[in-house]
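Chemist: from the sequence below, what's the structure:
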Amino acid sequence: MRIMLVTDQYPPMVGGVPTVVHGLAVDFANRGHQVWVVAPSSGARDVRRIEQKVRVYRFASFDWPTYEGLRIPFLPILPVRKLLKKSDPDIIHIHSPVVMGNIAQILAGGLRKPVIATNHYLPINMSRSLSGDTLIGKHFSNISYSYLVSFCNRCEYVTAPTQTALNLLYEHGLRAPARAISNGIDLKRFTPGPADPAILQRFNLPVDQPLILHVNRLSEEKRIDVLIRAVARMQERAHVALVSTGPAEADLRALVASLNLNDRISFLGFVPDDELLTLRRTATLFTIPSEADLQSLATMEAMACGLPVVAARSYALPELVHHEENGYLFEPGNSEEMAAQMDRILRDEPLRQRMGQNSLKIIARHDRQAILEEWEHLYRRLAIEFQEAKERKQQLRVMRKYRARYASDVPLSRMRRTGDLSLERPPGNLLSWLGTEEKQQEDL
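Modeler: As a prediction, the model looks like this:
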């Protein structure tokens, strides 16, 4: 198939959406499909190159003023239209309903291409200060969802990575056909493995303490401050490694210093994938206090490595973390409860083993290969249905044309002389349509 993925976030940008889109693009290309990615560039020039068998088109852009790392393209309407006509994709899959997504959706309608939209966003992802404001938070959320749902309702099909995420769209008026499709996890790559003390030395982490791992963008809505305050309340001795970077890093470092936790919490920054996999296998516990995840890839990867998880009872996290089964859920923002749960897991090795095994059972249903097959089936079905609908509409237009001509008083000989009609009567299969046009319209 010919597949076009459209996104406002793509590597080298770090985060869940760039990781998901990049993974889909590379996996589809490796499965023999022709894949195009349309995304903003990291500067003021267009960049076009083949990356891991994927044709990546990056269009000139500038920094988003309120979101570090996000880029806004300079409305490349004509170049994107030219690319669409040249590539002639069977399906257009939009992963962010901002600038590139809107351009692709508008152009797809004119070029008669089917569009799928996947929603990865919450209003809090756009602005935590507005979402959390007691006066305007609800209005901001309603406005944000009104925009998201309006965008989704103009697509042929809509997906979200979890049922929780999809239900939020339904609650705000989603009418387009839709279903939940997990982002998936490569269970051949992310597996349990032996601990490696060398990786601890590599990052100056203590080798004589359990390692608690957290992997997420360091931004306000991820509530890493809750984890830091929980460490100050813990009774068990353990070391926390915070992986990633983000706009809240300076404030989080200041909080660690103010609580005298510099010897218990390390900021590792960006960690290459291979080393991060080894860290997961060496860790004892994974934590995620986030209040803004519709599906957490980092949590899925930790579970696939056999780790128990302590997570906030927020949005879609309970779909992955089943309380007292493969970990614990705490009330969002409650660092005292989080500390008690981490202590409970750290001091009970049989409990850790049981929860780790349950993590493996739960994550098995998110196997990447099965997810890719689900996407391929959906793509093919929509492409076929879209083409069949186009053909039915064309047939109806032909029927209306014949009906209008045969209902007129203009002699057939005159119609033939003027080139209006090449046949004295339509073929039998067309005649059979003349009396059933209304039924055809109902079918559409």
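
Chemist: just give me the residue closest to the centre of the chain.
Modeler: residue 120 (4.2 Å; C-alpha atoms, centre = their mean).

Chemist: not counting sequence-adjacent ones, nearest residue to that residue?
Modeler: Nearest non-adjacent residue to residue 120, counting by C-beta to C-beta, 6 or more residues apart in numbering: residue 17, 5.0 Å away. Using the backbone N, CA and C atoms, a C-beta is placed for each residue, glycine as well.

Chemist: look up phi and psi at the one you found.
Modeler: phi -60, psi -50 (degrees, to the nearest 10).

Chemist: then residue 312?
Modeler: phi -70, psi 140.

Chemist: same deal with residue 343?
Modeler: The phi/psi pair for residue 343 (degrees, to the nearest 10) is phi -60, psi -40.

Chemist: what's near enough to touch it?
Modeler: Neighbour list for residue 343: 234, 235, 236 [criterion: C-beta atoms under 8 Å, 6 or more residues apart in numbering].

Chemist: which of the helices or strands spans the second one?
Modeler: Which is residue 235. Under DSSP states H and E, no helix or strand contains residue 235.

Chemist: nearest residue to it in space, please, no chain neighbours.
Modeler: The nearest residue in space to residue 235 (C-beta to C-beta, 6+ apart) is residue 343, at 5.2 Å.

Chemist: against residue 255, how distant is the one you found?
Modeler: 21 Å (C-beta to C-beta, to the nearest Å).

Chemist: can you check residue 320 too?
Modeler: Noted for residue 320: a distance of 27 Å to residue 255, by C-beta to C-beta.

Chemist: the more surrounded of these two?
Modeler: A direct count of neighbours by other C-beta atoms under 10 Å for residue 320 and residue 255 places residue 320 higher, at 24 against 17.

Chemist: which ones are touching the closest residue to the more buried one other than its chain neighbours?
Modeler: Distances taken as C-beta to C-beta, 6+ apart put residue 299 closest to residue 320, at 5.4 Å, once the chain neighbours are dropped. By C-beta under 8 Å, 6+ apart, residue 299 lies in contact with 286, 288, 293, 309, 311, 317, 320, 321.

Chemist: quick one, helices of the stretch 251-400 of the chain?
Modeler: 273-282, 297-304, 317-320, 335-346, 349-363, 368-407 (DSSP state H, counting those that start in this stretch).

Chemist: out of those, the one nearest residue 183 is which?
Modeler: When the helices of the stretch 251-400 of the chain are compared for distance to residue 183 using C-beta to C-beta, the nearest one is helix 297-304, at 6.1 Å.

Chemist: that closest one vs helix 368-407, what angle?
Modeler: Angle, helix 297-304 to helix 368-407, by axes from the mean of the first three to the mean of the last three C-alpha atoms, to 10 degrees: 130 degrees.

Chemist: can you redo the contacts of residue 299 as a markdown table with distance to residue 225 and pLDDT?
Modeler: Shown next, in a markdown table, are the contacts of residue 299 (distance: C-beta to C-beta, whole Å; pLDDT from 0 to 100):
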| residue | distance to residue 225 | pLDDT |
| --- | --- | --- |
| 286 | 18 | 98 |
| 288 | 13 | 98 |
| 293 | 16 | 91 |
| 309 | 19 | 98 |
| 311 | 16 | 98 |
| 317 | 17 | 97 |
| 320 | 22 | 97 |
| 321 | 20 | 98 |
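
Chemist: quick one: which of those residues is nearest residue 272?
Modeler: residue 286 (18.6 Å).

Chemist: now do the same contact list for the closest one.
Modeler: Counted by C-beta under 8 Å, 6+ apart, residue 286 has contacts 212-215, 280, 298-299, 302-303, 307-310.

Chemist: ok, what's across the strand from it?
Modeler: Beta-bridge pairing for residue 286 (DSSP bridges): residue 213, residue 309.

Chemist: quick check, pLDDT for residue 143.
Modeler: Per-residue pLDDT puts residue 143 at 86.

Chemist: right, and the helix or strand after the helix or strand where it lies?
Modeler: Per DSSP H and E: residue 143 is located in helix 137-153. As assigned by DSSP H and E, the chain's next helix or strand after helix 137-153 is strand 157-160.
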